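Colleague: Return a 3D structure for these sequence lines:
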Amino acid sequence: MSSDIPSLLLASLSPQSRKQAEQSLQTFSRQSNFLSHLLQLVLNPAQDGAVRLAGAVYLKNVVKQRWDEDDEFPVAEADKQALKPQLVPAMIALSSPNDKQLRIQIAEAVSLIAKSDFPHEWPDLIDQLVGSLSPTDFNVNVGVLETAHSIFNSWRSSTRSDELWSTINIVVNRFIEPFQQLFRFTMTELFATPSPPQPTFGLLAQTTLLLVELFHDLTCQDLPPNFEDGHEEYFDKVDGHFMRLMAWDPEALRTDRDEATPSIPSRIRTGIVEIAEMYVRLYPEVFERTASVEAFVRAVWELVGGGQQLGLAYDQLVSQSLRFISTAIRAGTYAELFRSRDTISGLIHGVIVPNVRLRTHELESFEDAPLEFVRGDLAVTEIATPRQAAADVVKALVASSFEVDTTEIVMAWVAQALAATDSEAWLGKDAAEYLFEAVAARGGTASLGVTATNVLVNIVQFFADNIFQDLQAPATSVHPVLQVDAIRYLYIFRNQLTKDQLISVLPLLSQRLTSDDTVVYTYAAIAIDRILSIRVGETPVSMFNMVDVREVAPQLINVLFGKIEAGSSPEKIAENDFLMRCVARVVLTSRTDLAGGYEALLQRLVAILGIISKNPSNPNFDQYIFETISALIRFIGPTVPSSIGVFEPALFGPFTIILQQDIDQYIPYVFQILAQMLALHQGEPTEYRALLPFLLTPAMWAQKGSIPGLVRLLQAFLARDAPNVPIESVLGIVQQRLVPSKVNEAWGFELLQAVVRYVPSEKLQKYMSSIIITLLTRMQNSKTSSYVYHFVHFLLYTVAINAEGLTPDYLIQAVESIQAGLWSQISTNFMIPQVPKLIAKDRKVAVVGLTRLLTQSDIILREPSVQAWPALFASLAELFKEPEHLSSKKEAEIDAAAGHTTIDLEEQAAGYQAAYSRLAAADAAPEDVVAYAGDVRAYVGRELASAQPSVKQLIGRADPDAVGWFVRGLTDSGYAVLLQ
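Modeller: Model prediction:
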């Protein structure tokens, strides 16, 4: 193996040399034994630390991307078998505290491999782990337990299944006894008198933390008999391991209370309370055996109920403790613990109020890390801070049977806080408004806002009396925190305000966009985005249209761009994706109203794109800037046909640079937008043809994230310029890259649909047999339910579309040329069973395709194919049992562009991996390829009535139980489908 690898790993850390180094590493990574060699490099203490860490990360990424056999260059089986036995010893070799970062990367690689291979392809993994545990070396034990946790932790978020339970049972049978023995031994050593010296004491604590985490892993899906029978050992309210650890906080292991890193004892208690919360949800009957809930409630209350805020180091513990209380309240079983008004009052005043007040570090974050503050404040799906967790306790009380008492007590405190006039009154007002939001909201989501409210409070009146003044007042007269509170209130309760009320506050939000405070103008952008995305009831139609924003849209876009363009570097420009998302939303709402000034808007977008492409750093910002460009093309292109002549020269330049420099983060977007422009291009698309050789090179299809965009672009080429598309090359891509891949099979079928639709049948004829052979070969080698679905849909699509020469017998002859009688087998084994399973959007095509097969094919009326005719007819009838799915009405008939004002601009990916980032605005409205058939029931009736006598004879012989109702319905409608 080359000695160049260390230098290449170092070079991959530099933006200037990263691309070339990664390409070279990729070449080496395909050589035999590469991963084992790389692992030894990571384990070599003589190597540079940066090289070792880069090597560990690269090893993990190769496993992540290429362990699956479906990858184009999968890790060879021999290399897999060579690597796996080395991984657990590697974790032990890296057990030193100095190697923690290396150990984390290797542990993740172990977890990824175990998810794929354990237990069937890695049966000795657990035995390796258990055999490595040491009675004396706790450094080794930490490494072993970290490895085990990296494997088992994924169970917490896994869907229950027989396969998962089987895997867990294998682990429990081999792992749980040594686990319990180690837990008991560790507890004995941890509580020994005197306490063990350092570093042993710290290692014992670290071991205990991992044991607690593993206890959670092992019980998260079901309760193993060992833990159910030995429940008291862990949960006894006096002597249980967990209750002893809840009271354990030795001075020697404490950290600074104002530091962000919690102590190990604090993390242990956090883990135990998380387990207790899980038991309340999943195993309440077991939990009640030891009166543990009451004990945990007391322990948590003592911890967080002192009427004061604990330090930053305790945030995780406080948050988890409050989540436990919320869960216990919602469970209902423990209602008596919280029923009295005095208890609720004590909970609100002693626990909730102190924790909803902004902490010093949160105020520092507001000023010094504003975007981090915003993201944390918006993280409503994950209750991560004491402030959010305290609010959730209030929501739990309101949602249970304590709504009246809770509302009265909270509102009394809110009134008191709002009446304060001291120097910190603004902090009290912030807490009061936050607490009001908690007591007022009874249901909602991050994307929709609050959808149900507490009838005991008046949302609009509270806003008018206490909040509107902060939104309306000059920025310099109101603390920025209260300005943000006012904006957040609109963001949260936007569904409780009328359209007129919301339109009236848009200018005020626009003013806040001009603020110098990052949190203020960012929240204003978020609120505007969410308000403009509100839908009318349950319909897909947006509440706000271009007329509603006509007066404010230009100013909004100008101010937003001003904030974005003020960045001093590519990273700073792309830092605030909320601003770019708001631009996209305003454009999506304004639609064709921007036709008068789209050129200037496009120029600014192109300029920003040119800067950020020098160092892509924020995938969400990138998503929204390309979404904005796509939306402009979507709405301006058809309205101003000459605009494509503006878009193309403006975008071809930066797109060419992106493709030439292989900026892989942006390439999937470029292909989608090129497809959009090509579809709208006027005249011969000569400018695009030079792209075709480039698009059809194998290298372009190696990046998984590019494949959907490439397919869209080739579809556009076939639709606009089929005679100049090299069909052999396109089919080569389908046959070699797409259809054989489980990941990309759907894109392969989409491209095939475009081929059969746009390539003349006489030109296509010589390829049809090889296409069918490719599809059947994949069926034979790797049949899946999704593949069968796509295969059947493709066959029906091919005979359904109205393309000259593409008759049912055209397809059947291609199949029969491979093997006589093959069509009959396909009909019986695949088509007949699959047709009733077709989803709603595919059923109209299926009806037309089946009808043409049954009425327009001569071959299907001969042996052996005719044997399948009655069953195919029964499948056709089956589709009419849910006729609402066969309607040709579309969303476009409601409003040709309404759907595009309600595009969900959610984050498409969490990083720059190979994930496909779809541009919602680039998706054309689904085309009805069988629109020529009109009403499908009438179409079926007409085709059957005009069919030759032998078809009508077959109808008469069909099973009356399966099709009688259908035939009678057609006959009653005047269609003579039976032989007279």
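Colleague: Measure how buried Ser326 is and give me the count.
Modeller: 23 (other Cβ atoms under 10 Å). Using the backbone N, CA and C atoms, a C-beta is placed for each residue, glycine as well.
Colleague: Just the mean pLDDT for the helix or strand where it lies, thanks.
Modeller: Here Ser326 sits within helix 315-331, counting by DSSP states H and E. Taken as a whole, helix 315-331 has an average pLDDT of 94.
Colleague: now the strands for this protein?
Modeller: 441-445, 449-453 (DSSP state E).
Colleague: Which of these sits closest to Asp342?
Modeller: strand 441-445 (24.4 Å; Cβ to Cβ).
Colleague: Centre of the chain to that closest one, how far?
Modeller: Here strand 441-445 is found 22 Å from its chain centre; the criterion is Cα atoms, centre = their mean, to the nearest Å.
Colleague: What helices and strands are in contact with that strand?
Modeller: helix 386-399, strand 449-453 (3 or more Cβ pairs under 8 Å, 6 or more residues apart in numbering; DSSP states H and E).
Colleague: Mean pLDDT lowest where, among these?
Modeller: strand 449-453 - the lowest mean pLDDT of these, at a mean of 90.
Colleague: Below-threshold pLDDT in the stretch 1-150 of the chain: ranges please.
Modeller: Counting by pLDDT under 70, the stretch 1-150 of the chain shows low-confidence ranges at 1-2.
Colleague: same thing but at 90, please
Modeller: 1-4, 14-20, 22-23, 26-27, 65, 68-74, 95-97, 100, 135-137 (pLDDT under 90).
Colleague: how about the helices in it?
Modeller: 5-11, 18-29, 34-43, 49-66, 77-93, 100-117, 125-132, 138-152 (DSSP state H, counting those that start in this stretch).
Colleague: Of the ones you listed, which stretch is the most buried?
Modeller: Most buried of those by mean neighbour count (mean count of other Cβ atoms under 10 Å) is helix 138-152; its value is a mean of 23.
Colleague: got the contact list for that one?
Modeller: 87-88, 91-92, 94-97, 103, 107-108, 110-111, 114-115, 118, 125, 129, 132-134, 171, 175, 182, 200, 203-204, 206-207, 210-211, 213-214, 217-218 (Cβ atoms under 8 Å, 6 or more residues apart in numbering).
Colleague: quick revisit: can you lay out the strands of the chain as a markdown table showing distance to Lys742 and mean neighbour count?
Modeller: Formatted as a markdown table, the strands of the chain follow (distance: least, Cβ to Cβ, whole Å; neighbours: other Cβ atoms under 10 Å):
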| stretch | distance to Lys742 | mean neighbour count |
| --- | --- | --- |
| strand 441-445 | 32 | 15 |
| strand 449-453 | 38 | 16 |
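Colleague: Can you redo those strands as a markdown table, where the extra columns are distance to Gly974?
Modeller: As requested, those are exported to a markdown table (distance: least, Cβ to Cβ, whole Å):
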| stretch | distance to Gly974 |
| --- | --- |
| strand 441-445 | 50 |
| strand 449-453 | 48 |
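Colleague: Looking at those, which is nearest to Arg862?
Modeller: Per Cβ to Cβ, nearest to Arg862 of the strands of the chain: strand 441-445, 57.5 Å.
Colleague: Tell me who's in contact with the closest residue to Asp392 other than its chain neighbours.
Modeller: Excluding its sequence neighbours, the residue lying closest to Asp392 (Cβ to Cβ, 6 or more residues apart in numbering) is Ser326, at 4.8 Å. By Cβ under 8 Å, 6+ apart, the contact list for Ser326 reads Ala389, Asp392, Val393, Lys395, Ala396.
Colleague: try 10 Å
Modeller: 277, 383, 389-397, 399-400 (Cβ atoms under 10 Å, 6 or more residues apart in numbering).
Colleague: Relative to Leu854, which of the residues you listed is nearest.
Modeller: Nearest member of the contacts of Ser326 to Leu854, counting by Cβ to Cβ, is Ala399, at 55.9 Å.
Colleague: what about that closest one, distance to Val450?
Modeller: Here the criterion is Cβ to Cβ, to the nearest Å. By it, Ala399 lies 13 Å from Val450.
Colleague: any residues in contact with both of these two?
Modeller: In contact with both Ala399 and Val450: Ala441, Arg442, Gly443, using Cβ under 10 Å, 6+ apart.
Colleague: Would you reformat these as JSON lines and include distance to Gly637?
Modeller: Formatted as JSON lines, the shared contacts of Ala399 and Val450 follow (distance: Cβ to Cβ, whole Å):
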{"residue": "Ala441", "distance to Gly637": "41"}
{"residue": "Arg442", "distance to Gly637": "44"}
{"residue": "Gly443", "distance to Gly637": "40"}
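Colleague: Leaving out sequence neighbours, find the closest residue to Val57.
Modeller: Nearest to Val57 is Gln105, by Cβ to Cβ, 6+ apart, at 5.5 Å.
Colleague: what sits against the one you found?
Modeller: Val42, Arg52, Leu53, Ala54, Gly55, Ala56, Val57, Tyr58, Leu59, Lys60, Asn61, Leu94.
Colleague: how near is it to Leu204?
Modeller: From Gln105 to Leu204 the distance is 25 Å (Cβ to Cβ).
Colleague: Please apply the same query to Ser533.
Modeller: Separation of Ser533 from Leu204 (Cβ to Cβ): 53 Å.
Colleague: So for these two, which residue has more residues nearby?
Modeller: Leu204 (25 against 22).
Colleague: ok, the closest residue to the more buried one other than its chain neighbours - contacts?
Modeller: Nearest residue to Leu204, sequence neighbours excluded (Cβ to Cβ, 6+ apart): Leu190, at 4.9 Å. By Cβ under 10 Å, 6+ apart, Leu190 lies in contact with Pro196, Phe201, Leu204, Ala205, Thr207, Thr208, His241, Arg244, Leu245, Trp248, Pro250, Ile268.
Colleague: Can you list the buried residues in stretch 328-341?
Modeller: Ala328, Ile329, Arg330, Ala331, Tyr334, Phe338 (16 or more other Cβ atoms under 10 Å).
Colleague: no, scratch that, I was asking about stretch 540-547
Modeller: Ser542, Met543, Phe544, Asn545, Met546.
Colleague: so which of those comes closest to Val835?
Modeller: Closest approach between these and Val835, by Cβ to Cβ: Ser542, at 36.5 Å.
Colleague: For the closest one, give the beta-bridge partners.
Modeller: Arg535 (DSSP bridges).
Colleague: just checking, it touches Ser590?
Modeller: No. Counting by Cβ atoms under 10 Å, Ser542 sits too far from Ser590 to count as a contact (11.5 Å).
Colleague: Between the two ends of stretch 150-158, how far is it?
Modeller: One end of stretch 150-158 sits 14 Å from the other (Cα to Cα, to the nearest Å).
Colleague: before we move on, what about stretch 615-622?
Modeller: 11 Å.
Colleague: Only the buried residues of that stretch, if you could.
Modeller: Here stretch 615-622 shows Pro616, Ser617, Asn618, Pro619, Asn620, Phe621, Asp622 as buried, counting by 16+ other Cβ under 10 Å.
Colleague: Would you reformat those as CSV and include distance to Tyr434 and pLDDT?
Modeller: Formatted as CSV, these follow (distance: Cβ to Cβ, whole Å; pLDDT from 0 to 100):
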residue, distance to Tyr434, pLDDT
Pro616, 36, 93
Ser617, 32, 93
Asn618, 29, 96
Pro619, 31, 95
Asn620, 26, 95
Phe621, 29, 97
Asp622, 33, 97
